[in-house]
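Chemist: sequence and predicted structure, then a few things I'm wondering about:
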Amino acid sequence: MAKIYSKKELVTPKMKPKKETISFLLNYSKALNVIKVNDKSFEIIAN
């Protein structure tokens, strides 16, 4: 009989990020600026 793989959960409920990881991602996203010039985009990280 064939196995049905679609019924399994992709992420286990025990996986939770650390507070440091969330803080790092939030600070990174706040510092990131994307400037679009014509058809090009420039990413600038302002610390």
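Modeler: That came through, no problem. Owing to the predicted nature of the structure, the values given are computational and were not obtained by experimental measurement.
Chemist: which pLDDT does the model give A2?
Modeler: On pLDDT, A2 comes in at 67.
Chemist: ignore the last one, S6
Modeler: Taking S6 on its own, its pLDDT is 66.
Chemist: just the strands in this structure please.
Modeler: 32-37, 40-45 (DSSP state E).
Chemist: I'd like the ones you listed as CSV, with mean pLDDT and distance to K16 appended.
Modeler: To be clear about C-beta, it is placed using only N, CA and C from the backbone, and glycine gets the same treatment. Compiled in CSV, the strands of the chain are given as follows (pLDDT from 0 to 100; distance: least, CB to CB, whole Å):
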stretch, mean pLDDT, distance to K16
strand 32-37, 92, 24
strand 40-45, 91, 27
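Chemist: let me have those in a markdown table, extended by distance to K19.
Modeler: Output for these, formatted as a markdown table (distance: least, CB to CB, whole Å):
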| stretch | distance to K19 |
| --- | --- |
| strand 32-37 | 20 |
| strand 40-45 | 22 |
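Chemist: switch those over to TSV; also include distance to I22 and mean neighbour count.
Modeler: As requested, the strands of the chain are exported to TSV (distance: least, CB to CB, whole Å; neighbours: other CB atoms under 10 Å):
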stretch	distance to I22	mean neighbour count
strand 32-37	16	9
strand 40-45	18	8
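Chemist: out of the ones you listed, nearest to M15?
Modeler: Smallest distance to M15 across those (CB to CB): 25.2 Å, for strand 32-37.
Chemist: now that closest one: how far from the chain's centre is it?
Modeler: 18 Å (CA atoms, centre = their mean, to the nearest Å).
Chemist: fine, thanks again, bye for now.
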